[in-house]
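Visitor: Show me how the following folds:
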Amino acid sequence: MGDTDNINEIFQIVDSDGSGYLNKEKLQRICPHLSPSDIDIIFTDLDIDHDNRISLKEFTNGFKELIQPSHNNHAICKNKLINHDNAIDKEEEEEEENLTTDITPVQINEVFNNLSCQEQIFEFYDTLRNGSSESMGQFQSILEVFVGDIMKYRKEIKRLEDSYKREKDMNEKYLRRIEEDQEREMHQVEAKIRKEEQQKFESERELIQQRASKKIAELQANLQRLQT
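Guide: Below is the predicted model:
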């Protein structure tokens, strides 16, 4: 994917209502950590024709001015990015540390390794390092929010996966319990049938014995009468 495709994709994400233009509210919505004055600076730089809205062409041109081909060592840029630029003075480092309390370098590194546009981000970062410290701070703030959002979405996906697994396990246990109950009921029915059949057999055998005993008694009585 080329630079233009990447920029178009970013524009479509920011242009949430699909109007084809960006305004200050849209920029503020995706960068809530930036102050209104910061948004004004970014908006003014991108709004070339000063019509109070940013078209795709203006957005693309603005980004292309920042993203230039570079042959710098991206691994070095990446390490500097993760460490928030060791050249920044102590006060700025403390402020950035407060911003990234919940985001570790390992998490940032993991996110970057899975980005398809990480080369463009490294080049953008390197370009900003050669510009004003204000732009550098804005970029790092946006990056922190970006990484934080990705980690949040990953946690949400993990939560949904765990919830699905728990529900699946519960359903499987429920099905096993139903099967066990059915099997137990079947054994009980079989035992009941065997018991009833046994009782019926015993009753019929007793009846046959009674009839046989009565018949024998009658025969013996007849025999005695004949003998007398």
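
Visitor: Show me what the longest helix belonging to the chain is packed against.
Guide: Longest helix in the chain by number of residues, with DSSP state H as the criterion: helix 133-227. For helix 133-227, the elements it packs on are helix 90-99, helix 105-113, helix 118-129, judged by 3 or more CB pairs under 8 Å, 6 or more residues apart in numbering; DSSP states H and E. (Glycine included, C-beta is placed from N, CA and C.)

Visitor: could you give the mean pLDDT of the second one?
Guide: Yep, that's helix 105-113 we're talking about. Per-residue pLDDT values across helix 105-113 average out to 56.

Visitor: Per the annotation, how does the chain divide into domains?
Guide: In terms of domains, the chain is parsed into 1-66, 70-203 (source: automatic domain parsing).

Visitor: lowest-confidence stretch among those?
Guide: domain 70-203 - the lowest mean pLDDT of the domains of the chain, at a mean of 68.

Visitor: Arg29 contacts Ser16, correct?
Guide: Yes - contact criterion CB atoms under 8 Å: Arg29 and Ser16 qualify, at 7.3 Å.

Visitor: can you list residues touching both of those two?
Guide: When CB atoms under 8 Å, 6 or more residues apart in numbering defines a contact, no residue borders Arg29 and Ser16 alike.

Visitor: Could you measure from Ser37 over to Gly62?
Guide: Going from Ser37 to Gly62 by CB to CB, to the nearest Å gives 18 Å.

Visitor: higher neighbour count, these two?
Guide: Neighbours per residue, other CB atoms under 10 Å: of Ser37 and Gly62, the larger number sits with Gly62, 17 against 7.

Visitor: Would you agree the more buried one is in contact with Asp45?
Guide: Yes - Gly62 is within contact range of Asp45, at 6.3 Å (criterion: CB under 8 Å).

Visitor: Need phi/psi at Asp47.
Guide: The phi and psi values for Asp47, taken as degrees, to the nearest 10, are phi -80, psi 80.

Visitor: ok, now which ones touch it?
Guide: 53-54, 58.

Visitor: who's in contact with Leu219?
Guide: Shown in contact with Leu219 (CB under 8 Å, 6+ apart): no residues.

Visitor: which ones are touching Glu156?
Guide: Taking CB under 8 Å, 6+ apart as the test, Glu156 contacts no residue whatsoever.

Visitor: Then the one 4 residues further on?
Guide: By CB under 8 Å, 6+ apart, Leu160 lies in contact with nothing.

Visitor: again, but for Asn23
Guide: 43, 52-54.

Visitor: before we move on, what about Gly20?
Guide: 55-56.

Visitor: How much space separates it from Arg29?
Guide: Taking CB to CB, one finds Gly20 at 17 Å from Arg29.

Visitor: same thing with Arg177?
Guide: In terms of CB to CB, Arg177 sits 49 Å off from Arg29.

Visitor: What of Glu179?
Guide: Between Glu179 and Arg29 the distance is 53 Å, computed by CB to CB.

Visitor: Check Asp169 too.
Guide: From Asp169 to Arg29 the distance is 40 Å (CB to CB).

Visitor: picking that back up, now flag whichever of the contacts of Asp47 is closest to Gln220.
Guide: Ile54 (122.8 Å; CB to CB).

Visitor: which residues does the residue lying closest to the closest one once chain neighbours are set aside contact?
Guide: Excluding the flanking residues, the one nearest Ile54 by CB to CB, 6 or more residues apart in numbering is Leu22, at 4.1 Å. Applying CB under 8 Å, 6+ apart, we find Leu22 in contact with 11, 14-15, 46, 53-54, 59.
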